[in-house]
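*Asks:* Need the 3D shape of this:
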Amino acid sequence: MAKYPVLNAFVDKNTAAYYESGSVYETKDEERASDLQDMEFIGEEMKPQRKGRATDEHRKTAAPGDVAKSDNHS
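*Replies:* Next comes the predicted model:
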């Protein structure tokens, strides 16, 4: 089921459900979603976030010259 961010509050004419701005609208009906987008009630489809490997922007990297510290004091 596709998910869309609600940009402007509305009452769905098909279900009578109220959607607040900032909430998420879910539907399988692509035509209905397109109509709501045309009327600027909902935004573009939210793509599911991938689980697993971190993206480059989330990876921690050592600064140049940093040395890994060890608990071994020889």
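*Asks:* okay, and for this protein, where does confidence drop off?
*Replies:* For the chain, applying pLDDT under 70 flags the ranges 52-74.
*Asks:* let's see 80
*Replies:* Residue ranges of the chain with pLDDT under 80: 51-74.
*Asks:* Would you map the strands across it?
*Replies:* Applying DSSP state E to the chain gives strands spanning 2-5, 10-11, 18-19, 24-27.
*Asks:* Let's have the ones you listed in TSV, adding mean neighbour count.
*Replies:* Quick note: C-beta positions are derived from backbone N, CA and C, even for glycine. As requested, those are exported to TSV (neighbours: other CB atoms under 10 Å):
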stretch	mean neighbour count
strand 2-5	15
strand 10-11	14
strand 18-19	16
strand 24-27	15
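*Asks:* Residue 16 versus the closest residue to residue 7 other than its chain neighbours, what's the distance?
*Replies:* Using CB to CB, 6 or more residues apart in numbering and skipping residues adjacent in sequence, the residue nearest residue 7 is residue 43, 5.3 Å away. Separation of residue 43 from residue 16 (CB to CB, to the nearest Å): 22 Å.
*Asks:* Same question for residue 35.
*Replies:* With CB to CB as the criterion, residue 35 and residue 16 are 16 Å apart.
*Asks:* okay, those two: which has more neighbours?
*Replies:* Each of residue 35 and residue 16 has its neighbours counted (other CB atoms under 10 Å); residue 35 has more, 13 against 7.
*Asks:* Distance check, that one against residue 49.
*Replies:* From residue 35 over to residue 49 (counting by CB to CB), the distance is 27 Å.
*Asks:* Ok, residue 42 next?
*Replies:* Counting by CB to CB, the gap between residue 42 and residue 49 amounts to 19 Å.
*Asks:* Same drill for these two, tell me which one is more crowded.
*Replies:* Using other CB under 10 Å, the more surrounded residue of residue 42 and residue 49 is residue 42, with 26 against 5.
*Asks:* How about that one: what's its closest non-neighbour residue?
*Replies:* Spatially, and ignoring its direct neighbours in sequence, residue 42 is nearest to residue 4 (4.0 Å; CB to CB, 6+ apart).
*Asks:* Which residues does the one you found form beta bridges with?
*Replies:* For residue 4, the beta-bridge partners are residue 25 (DSSP bridges).
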